[in-house]
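# Fold the following, please.
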Amino acid sequence: MTPPPSAPSRWWQGSGLSTVNRSPVIYVDVDDTFVRSASHARIPMPEVIQAIQRLHQNGATLYCWSSGGGDYARSSAREFGIEECFEAFLPKPDVLLDDVAVSDWRRLRYIHPSDVAALNRIPNPSDVSS
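Coordinates of the predicted model:
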């Protein structure tokens, strides 16, 4: 007799990222978030890139978006080796149609790239029992 499959790890519970029974959904900007531009040079932000990779490895659903558009977001992620971390590449919206104001979203957290440590405090699935 084979044992029943184990429940998926809920590594995000208790992390402050989500209070529902699903992995967190995270939208990541490009410019001045995982890449800085100086003149014509594009400089990666390694701490943010590492956090993106870790979130992806730990089961977060990541979307990359930019005011430069979806193609720009994809090419930037590809340039820095993190394209596979994202589910999709989107332009930032001009209008948000929703019955609830963004300021009233209960689970939405804003994290500035300078506070990337807030993302790094999310536990690994193996560190948290299901």
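# all helices for the protein, in order.
46-57, 70-79, 117-120 (DSSP state H).
# TSV for these, including mean pLDDT, distance to Val28 and mean neighbour count?
C-betas here are computed from N, CA, C, even on glycine. TSV is the format used below for these (pLDDT from 0 to 100; distance: least, C-beta to C-beta, whole Å; neighbours: other C-beta atoms under 10 Å):
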stretch	mean pLDDT	distance to Val28	mean neighbour count
helix 46-57	94	6	17
helix 70-79	98	9	18
helix 117-120	72	10	14
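# Which stretch among the ones you listed approaches Val35 most closely?
helix 70-79 (6.0 Å; C-beta to C-beta).
# sorry, back to before: show me the one of the helices of the chain that comes nearest Pro91.
Of the helices of the chain, the one closest to Pro91 (C-beta to C-beta) turns out to be helix 70-79, at 5.4 Å.
# Now do the closest one: everything it contacts.
By C-beta atoms under 8 Å, 6 or more residues apart in numbering, the list of residues contacting helix 70-79 from outside reads 30, 34-35, 42, 64-66, 83, 85-86, 88-91.
# Of all the helices of the chain, which one comes closest to Trp105?
Per C-beta to C-beta, nearest to Trp105 of these: helix 117-120, 17.4 Å.
# CSV for the helices of the chain, including distance to Trp105?
Formatted as CSV, these follow (distance: least, C-beta to C-beta, whole Å):
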stretch, distance to Trp105
helix 46-57, 19
helix 70-79, 22
helix 117-120, 17
